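**Student:** build me a model from this:
(2 chains)
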Amino acid sequence: AQSVTQLGSHVSVSEGALVLLRCNYSSSVPPYLFWYVQYPNQGLQLLLKYTSAATLVKGINGFEAEFKKSETSFHLTKPSAHMSDAAEYFCAVSETGTYKYIFGTGTRLKVLA
Amino acid sequence: GAGVSQSPSNKVTEKGKDVELRCDPISGHTALYWYRQSLGQGLEFLIYFQGNSAPDKSGLPSDRFSAERTGGSVSTLTIQRTQQEDSAVYLCASSPDLGRNTEAFFGQGTRLTVV
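**Tutor:** The predicted model follows:
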């Protein structure tokens, strides 16, 4: 079975600082990986997805993620945090053999002025 | 509508009562998913539909939970004899088809509180 692990349930950064949200996956086959963002009282919105076309994936709102097979990681980064980035971020993997998405437990990002 | 619509947005019910949660997917989307989001627990898969059939209902927590989809569109998640541990946000998502690299579009959820 495939899974994702998000290290750090809460992350705080200063406005303008680098954002780094960690995600490690477990999969015996090439994974399909996703990052979603959830703003307060809203549903989840896709930030970006990895589908093996390129290891560095660029998403919306200046976010990007790099797939590293050797580290089984798919960490999300943004060079400069903005107050509007405050939200909860979820890493997910599409499970082989079924079509359901397996989500991590989420990381709540707080941006300090 | 333009997005996935869920109703009601909030539901407070007494323990032991039945509740129905509704999901209207994006028009033309054949796949539909239900997830449950509890505080600090991430998203827990419940069931997904391809058309009107449910190939994977392995995530339904107990036989008190059931879901159906009619006309390849609207889906209803029913919880019978609700318990306090059922309190959570129930999220519905749809996607154009089933595929490992296909994006799921989420609704805003139904917040269920069992008192």
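
**Student:** give me the distance between residue B:108 and chain A.
**Tutor:** Taking Cβ to the nearest Cβ, to the nearest Å as the measure, residue B:108 falls 5 Å from chain A. (Glycine included, C-beta is placed from N, CA and C.)

**Student:** residues contacting the nearest residue to that residue once chain neighbours are set aside?
**Tutor:** In this structure, residue B:108 finds its nearest non-sequential neighbour in residue A:43, 4.7 Å apart by Cβ to Cβ, 6 or more residues apart in numbering or on different chains. Taking Cβ atoms under 8 Å, 6 or more residues apart in numbering or on different chains, we find residue A:43 in contact with B:4, B:91, B:93, B:106-109.

**Student:** of those residues, closest to residue A:63?
**Tutor:** Nearest to residue A:63, judged by Cβ to Cβ, of the contacts of residue A:43 is residue B:106 at 17.6 Å.

**Student:** beta partners of the closest one?
**Tutor:** Applying DSSP bridges to residue B:106 gives these bridge partners: residue B:93.

**Student:** send over the helix or strand bottoming out on mean pLDDT in chain B as CSV, restricted to the C-alpha atoms.
**Tutor:** Among the helical and strand segments of chain B, the one scoring lowest on mean pLDDT, DSSP states H and E is strand B:53-56, with a mean of 88. Extracted C-alpha coordinates of strand B:53-56, given in CSV (Å, rounded to 0.1, in the frame of the first residue of the first chain):
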residue,chain,number,x,y,z
SER,B,53,-21.3,2.1,-9.3
ALA,B,54,-18.9,2.1,-6.3
PRO,B,55,-15.8,0.0,-7.0
ASP,B,56,-14.2,0.9,-3.7
